[in-house]
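Undergrad: predicted model and sequence follow; I will ask about them next.
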Amino acid sequence: MRAIRFAPGEVELLDQTKLPHETVWEKFTSADEVAAAIRDMKVRGAPAIGAAAAFGLAAEARRLQGDSQLREKLLEAAKRLRSARPTAVNLAQALDEMLSVLTQTGDDALADALYAKAVAIADADVATNRRIGAFGADVIGQHGGHILTHCNTGSLATVEYGTALGVIRALHERGTLRHVYVDETRPYLQGARLTAYELAEEGIPFDIITDSTAGYAMAQGWVDAVVVGADRIARNGDTANKIGTYTLAVLAQYHGIPFYVAAPTTTLDLATATGRDIPIEERHANEVTHMFGRPIAPIGASARHLAFDVTPGALITGIITECGVAKPPYIESLAEMAGRHGA
Ligand SMILES: CSC[C@@H](O)[C@@H](O)C(=O)COP(=O)(O)O
């Protein structure tokens with residue numbers, strides 16, 4: 001399953017706000033259109049927004065071909081794409097990679113070179129996720145086959161296969177997965193709408209649970225391990241991920257259940273010392289007070305929608321990357337993973 005299709009000068013995104021009941025592809029031919037799609041969460045998930053932004057910038061270069069201010073305009077477009085969502089570092093990371101092309105290529109070849117770079121970013125993501133899946137299945141398979149996950153980290157959140165959901169897919173492929181508990185993930189319901197959709201397509205057994213059921217599920221012994229994705233991982237292992245992840249990690253520790261993060265090394269932000277320095281996106285309160293455009297709270301009720309929280313590295317059993325599984329102390333093991341990636 002893929003939610004991103006591309007060709008020179010355009011990128012098509014499967015509108016994730018409409019899944020699972022409507023399958024609507026939208027075509028974009030400019031960076032600003034893609035930035036809006038990222039902001040509106042038509043495409044979401046850290047690696048997926050990185051890849052979408054890369055194709056958005058490539059499309060912009062083709063649209064502006066022949067413009068005397070091509071480079072300045074591309075730099076401005078990259079800024080607007082970068083600010084579409086602030087927490088997922090993959091977005092900035094993919095754009096930095098794209099902009100590195102500008103210094104190596106003349107104007108005439110820029111559109112082709114940027115498109116080729118975007119394709120390389122997308123292809124690398126798929127290969128990376130397969131490796132995360134294999135490392136993750138090795139380590140999580142030891143704990144048992146009942147897994148709890150949060151948000152959506154699958155093919156829809158990446159280019160294909162997924163990170164935490166890639167681990168779950170790999171466990172299923174090996175025949176060791178027994179059951180998945182899927183947090184519904186208020187308020188955008190990425191678990192209930194998107195993860196459930198992907199698991200159903202694969203024939204993987206699962207139950208959706210409300211986010212607040214996780215503690216009871218753990219206390220009942222239903223959960224052998226938790227695996228989640230990440231939007232940004234600081235140098236010390238502190239991990240920003242979908243709001244509610246921190247709560248799960250605290251619950252997992254209380255119940256003695258291993259808690260894993262699965263993420264590509266492109267989600268590591270070693271320039272950021274701790275989770276305190278990670279920018280946390282706050283989205284419109286309407287997303288909490290309304291559902292599918294209809295009010296569920298008193299009109300005018302005040303609300304806050306923090307899209308992510310930060311789980312301290314101390315609560316994380318291991319961070320599964322495509323270069324291996326980092327274990328505490330993360331200051332050392334994450335630097336080693338980044339080094340292996342660069343090697
Ligand atoms: C492989 S996706 C990893 C994370 O991006 C994912 O867990 C998550 O928090 C997504 O948040 P979203 O707000 O849906 O973009």
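TA: Ah, there it is. The structure displayed is predicted, hence computed values, not measured ones.
Undergrad: helices or strands next to the helix or strand hosting residue 60 in the packing?
TA: Applying DSSP states H and E as the criterion places residue 60 in helix 46-63. Judged by 3 or more C-beta pairs under 8 Å, 6 or more residues apart in numbering; DSSP states H and E, helix 46-63 is in contact with strand 4-7, strand 10-14, helix 31-39, helix 70-82, helix 89-100, helix 110-140. Just so you know, the C-beta spots here come from the backbone N, C-alpha and C atoms, and that holds for glycine as well.
Undergrad: JSON lines for the ones you listed, including distance to the ligand?
TA: Formatted as JSON lines, these follow (distance: least, C-beta to the nearest ligand atom, whole Å):
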{"stretch": "strand 4-7", "distance to the ligand": "13"}
{"stretch": "strand 10-14", "distance to the ligand": "13"}
{"stretch": "helix 31-39", "distance to the ligand": "9"}
{"stretch": "helix 70-82", "distance to the ligand": "15"}
{"stretch": "helix 89-100", "distance to the ligand": "8"}
{"stretch": "helix 110-140", "distance to the ligand": "8"}
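Undergrad: so can I have CSV of these showing mean pLDDT and mean neighbour count?
TA: Listed next are the helices and strands packed on helix 46-63 as CSV, based on pLDDT from 0 to 100; neighbours: other C-beta atoms under 10 Å:
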stretch, mean pLDDT, mean neighbour count
strand 4-7, 98, 17
strand 10-14, 98, 20
helix 31-39, 98, 21
helix 70-82, 98, 18
helix 89-100, 98, 21
helix 110-140, 98, 21
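Undergrad: in this structure, where is pLDDT below threshold?
TA: For the chain, applying pLDDT under 70 flags the ranges 343.
Undergrad: domain map for it?
TA: Listed by automatic domain parsing, the domain ranges of the chain are 4-125, 128-342.
Undergrad: can you tell me the closest non-neighbouring residue to the one residue in the chain that gets nearest to the ligand?
TA: Distance from the ligand to each residue of the chain (C-beta to the nearest ligand atom) is smallest for residue 229, at 2.8 Å. Once flanking residues are discounted, residue 229 sits nearest to residue 153: 3.5 Å by C-beta to C-beta, 6 or more residues apart in numbering.
Undergrad: what of residue 209?
TA: residue 181 (5.4 Å).
Undergrad: equivalent analysis for residue 155, please.
TA: Using C-beta to C-beta, 6+ apart and skipping residues adjacent in sequence, the residue nearest residue 155 is residue 1, 4.3 Å away.
Undergrad: hmm, the one you found is touching residue 158, no?
TA: No - using C-beta atoms under 8 Å, residue 1 makes no contact with residue 158, being 10.5 Å away.
Undergrad: ok, these two, which is more surrounded?
TA: Each of residue 1 and residue 158 had its neighbours counted (other C-beta atoms under 10 Å), and the higher figure belongs to residue 158 (31 against 13).
Undergrad: burial check on the closest residue to that one other than its chain neighbours, number of neighbours?
TA: Leaving aside its chain neighbours, residue 158 sits nearest to residue 47 (4.2 Å; criterion: C-beta to C-beta, 6+ apart). Residue 47 sits with 32 neighbouring residues when counted by other C-beta under 10 Å.
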